[in-house]
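*Asks:* Output the structure for:
(chains A, B, C and D)
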Number of protein chains: 2
Amino acid sequence: METRELRYFVAVAEELHFGRAAQRLGIAQPPLSRAVAQLERRLGVTLLERTSRSVVLTEAGSVLLAEGRAALDAVDAADRRTRRAALSVTGSSGLVLVTKAGASGELLAKLLDAYAAEPGAATVDVLLCGIGEQERMLRDGRADVALLHLPFDSTAGLDTEELCTEGQVVVLPAGHPLSTRSQVTLAEITALPGLPEPRRPRPDGTFPDGPGPQVRDSAQLYQLIALGRASAVLPESSRAQLNPGLVVVPVSDAPAVTTVIAWPPHSRSRALAGLVRTATRL
Amino acid sequence: METRELRYFVAVAEELHFGRAAQRLGIAQPPLSRAVAQLERRLGVTLLERTSRSVVLTEAGSVLLAEGRAALDAVDAADRRTRRAALSVTGSSGLVLVTKAGASGELLAKLLDAYAAEPGAATVDVLLCGIGEQERMLRDGRADVALLHLPFDSTAGLDTEELCTEGQVVVLPAGHPLSTRSQVTLAEITALPGLPEPRRPRPDGTFPDGPGPQVRDSAQLYQLIALGRASAVLPESSRAQLNPGLVVVPVSDAPAVTTVIAWPPHSRSRALAGLVRTATRL
DNA sequence: CCGCATCGATACCCGCGAGGTATCGATGCC
DNA sequence: GGCATCGATACCTCGCGGGTATCGATGCGG
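*Replies:* Next up, the predicted model:
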């Protein structure tokens, strides 16, 4: 199975429309039809049920869509990591660390400082990305190592080391009735009239339905809270970068947040090993 | 990057010899040289330093070897799992469960019985393999789910659920001086003259150096112990399938063994989910 | 009920590139 | 210095990927 065939199939499986898929791939529709048919012939498997009016995935097609995406990510990762390994100086290849924007800022700063002080440290580029994108970044090679936050992020398919655990606090506008309390419960927060939890984007970029404003990053979030339009439950460490006009109150019954350092299991570079070692010693 | 190019490069990188690699691939040497050169040109990266007398990997080449193997495994997995999904009946696709021969036999039997009793259960094929091969089986699609034993097996890159934890026992020939003790320590076992720990094969098939007989499976192991030529520290559950002539004694300070059920993180089939659910309820 | 628009499949052609053979050029060895 | 080894180069061929034109099925509006 060639990656070209896989890319073609994945495009059709995602669009469920040969014409649009061909357009996305930058080729004409007939070669695409032929390539998918040939893939089916070679596998001996029907992947799509097609009429001139609709295209639907078979059971086997769904499997190949999921497995094929993973395989294509792995190929992309091989490509990117090889290029990066080449342009960095031998033995000190640079690392790309990815984490959610606005999370674990202090920990990250300490980690970068401590690692930079190590003998033979590689350069570390920091890549900030949206919620839930880190795993993909690691899988397709755009990043080598990530800071993740359990239980929000999934560590499926990654090696991890636990770094720290912290409680959660609710961020409220200054002057809010609850803002003088020494602690609150989740039930009290969800019951707040006019201060809904904001909606974060899902991995595919869409927003869940429901009340509450749509929020893409922490700057938007803090501004909305300051405006009295939202509240948010966040790890304690968010306190460090708090805007004036906002107050935090510990939430007694929110689950603890564990920050972990995560990396793809097969990568075994000296630079990565050094960074992980430094992180666990913090 | 096409899988064909990757396969070619991996073959050369493993053989470090264009002629042999070409032979292994079933093509002539010149097209192979050209294909690798073209891959290097497209990546803009030197992967191999070649003279007419030797071929060695560059730093970037090592990276591509590791990442490329992973990518090729992912492509193989996509192929195999798609074929299997097609030939099994819709909605009840069969599962392949892999585990070490001679381990967790009782647990496995209970799991298979319990799962078979579930409504809509898929057929489960059991595949027994050597030590350390399970991870590869999961990664390249020859298996869908595995029973692993921590801390011996690595769960890198896999989703897992913990099933049970047990202590370890030492297996000794009946009549051995220690065999009447109620428990022993690791130190006492390693100090035993004439009863060395046997050597197990590494993932690549070679054996570590040192004293002690080479052992490939548990039948060989038990026979050697019965002959008084070896001893072995194993999980308690090995007791269930013990040959006559052998005695077990608990080891007080050996690390506990945790049996986990593990699967590739992106697979989300109903059958697999059902099996995992059944396993966690045991 | 018929004309029409949509969409995947088919027919056919072209050019690139993958694979083959023959050979060269460098290099280590006897 | 002759020779064997081994990767690179030259050159040819043919299969296949990609293009255009068109067909055949199907759902829809008048």
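
*Asks:* where exactly do the helices run in chain A?
*Replies:* A:3-15, A:18-25, A:29-43, A:59-87, A:105-116, A:134-139, A:186-190, A:218-226, A:270-281 (DSSP state H).

*Asks:* Can you tell me which of these has the worst average pLDDT?
*Replies:* Note on the helices of chain A: helix A:218-226 shows the lowest mean pLDDT, a mean of 76.

*Asks:* contact partners of that one?
*Replies:* Residues from elsewhere that reach helix A:218-226, judged by C-beta atoms under 8 Å, 6 or more residues apart in numbering or on different chains: A:101-103, A:171-173, A:198, A:213, A:215, A:230-232, A:238, A:242-243, A:245-246. Just so you know, the C-beta spots here come from the backbone N, C-alpha and C atoms, and that holds for glycine as well.

*Asks:* And stretch A:266-282, by the same measure?
*Replies:* A:81, A:91-95, A:97, A:107, A:110-111, A:114-115, A:118, A:120-122, A:124, A:144-145, A:161, A:163-164, A:261, A:263, B:63, B:66-67, B:69-70, B:156-157.

*Asks:* Including distance to residue A:49, could the helices of chain A go into CSV?
*Replies:* Converted to CSV, the helices of chain A look like this (distance: least, C-beta to C-beta, whole Å):
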stretch, distance to residue A:49
helix A:3-15, 12
helix A:18-25, 13
helix A:29-43, 11
helix A:59-87, 9
helix A:105-116, 49
helix A:134-139, 29
helix A:186-190, 45
helix A:218-226, 43
helix A:270-281, 45
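
*Asks:* For the buried ones among the contacts of stretch A:266-282, write the corresponding PyMOL selection.
*Replies:* Filtering the contacts of stretch A:266-282 down to the buried ones (16 or more other C-beta atoms under 10 Å in any protein chain shown) takes a single PyMOL command:
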select buried, (chain A and resi 81+93+95+97+107+111+115+121+122+124+144+145+163+261+263) or (chain B and resi 63+66+67+69+70+157)
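
*Asks:* so who does residue A:126 touch?
*Replies:* A:96-99, A:108, A:112.

*Asks:* The closest residue to residue A:29 other than its chain neighbours: what's it in contact with?
*Replies:* Using C-beta to C-beta, 6 or more residues apart in numbering or on different chains and skipping the chain neighbours, the partner closest in space to residue A:29 is residue A:22 (4.3 Å). Contact partners of residue A:22, counting by C-beta under 8 Å, 6+ apart, are A:28-29, A:31-32.

*Asks:* Show me which residues of the stretch 151-282 of chain A sit near DNA strand C.
*Replies:* Contact residues, the stretch 151-282 of chain A versus DNA strand C (C-beta under 7 Å from any atom of the strand): none.

*Asks:* Low-confidence ranges, the stretch 151-282 of chain A, go.
*Replies:* Residue ranges of the stretch 151-282 of chain A with pLDDT under 70: A:202-206.

*Asks:* let's see it at 80
*Replies:* Low-confidence segments of the stretch 151-282 of chain A (pLDDT under 80): A:157, A:175, A:191-224, A:226-230, A:238-245, A:267-268.

*Asks:* Any residues of it in contact with chain B? List them.
*Replies:* A:154, A:156-159, A:264-269 (C-beta under 8 Å from any C-beta of the partner chain).

*Asks:* Now distance to DNA strand D too, for these, in a markdown table please.
*Replies:* Formatted as a markdown table, these follow (distance: C-beta to the nearest atom of the strand, whole Å):
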| residue | distance to DNA strand D |
| --- | --- |
| A:154 | 35 |
| A:156 | 33 |
| A:157 | 30 |
| A:158 | 34 |
| A:159 | 35 |
| A:264 | 29 |
| A:265 | 32 |
| A:266 | 27 |
| A:267 | 28 |
| A:268 | 26 |
| A:269 | 26 |
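
*Asks:* Buried among these? Make that a ChimeraX selection.
*Replies:* Command for ChimeraX, covering only those of those found buried under the criterion 16+ other C-beta under 10 Å:
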select /A:154,157,158,159,264,265,266,267,269
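
*Asks:* From the residues of the stretch 151-282 of chain A next to chain B, pick the one nearest DNA strand C.
*Replies:* Relative to DNA strand C, the closest of those is residue A:266; by C-beta to the nearest atom of the strand it sits at 26.8 Å.

*Asks:* From DNA strand D, how far off is the residue nearest to residue A:29?
*Replies:* 7 Å (C-beta to the nearest atom of the strand, to the nearest Å).

*Asks:* same question, residue A:276
*Replies:* For residue A:276 relative to DNA strand D (C-beta to the nearest atom of the strand), the value is 37 Å.

*Asks:* coming back round to it: filter the contacts of helix A:218-226 down to just the ones in strands.
*Replies:* A:171-173, A:232, A:246 (DSSP state E).

*Asks:* which non-adjacent residue is nearest residue A:228?
*Replies:* residue A:173 (4.8 Å).

*Asks:* The one you found and residue A:224: what is the separation?
*Replies:* Applying C-beta to C-beta, to the nearest Å, the value for residue A:173 to residue A:224 is 10 Å.

*Asks:* try residue A:195
*Replies:* Using C-beta to C-beta, residue A:195 is found at 10 Å from residue A:224.

*Asks:* Spit out the residues that contact the two alike.
*Replies:* In contact with both residue A:195 and residue A:224: residue A:230, using C-beta under 8 Å, 6+ apart.

*Asks:* so how many other residues sit close to residue A:64?
*Replies:* Counted with other C-beta atoms under 10 Å in any protein chain shown, the neighbours of residue A:64 add up to 30.

*Asks:* Please tell me how far residue A:100 sits from DNA strand D.
*Replies:* For residue A:100, the distance to DNA strand D - C-beta to the nearest atom of the strand - is 38 Å.

*Asks:* Give me the phi and psi for the closest residue to that residue other than its chain neighbours.
*Replies:* Nearest residue to residue A:100, sequence neighbours excluded (C-beta to C-beta, 6+ apart): residue A:131, at 5.9 Å. Main-chain dihedrals, residue A:131, degrees, to the nearest 10: phi -70, psi 130.

*Asks:* So residue A:131 is in contact with residue A:98, correct?
*Replies:* No. Here residue A:131 does not reach residue A:98: they are 12.0 Å apart, not a contact under C-beta atoms under 8 Å.

*Asks:* Good, wrapping up.
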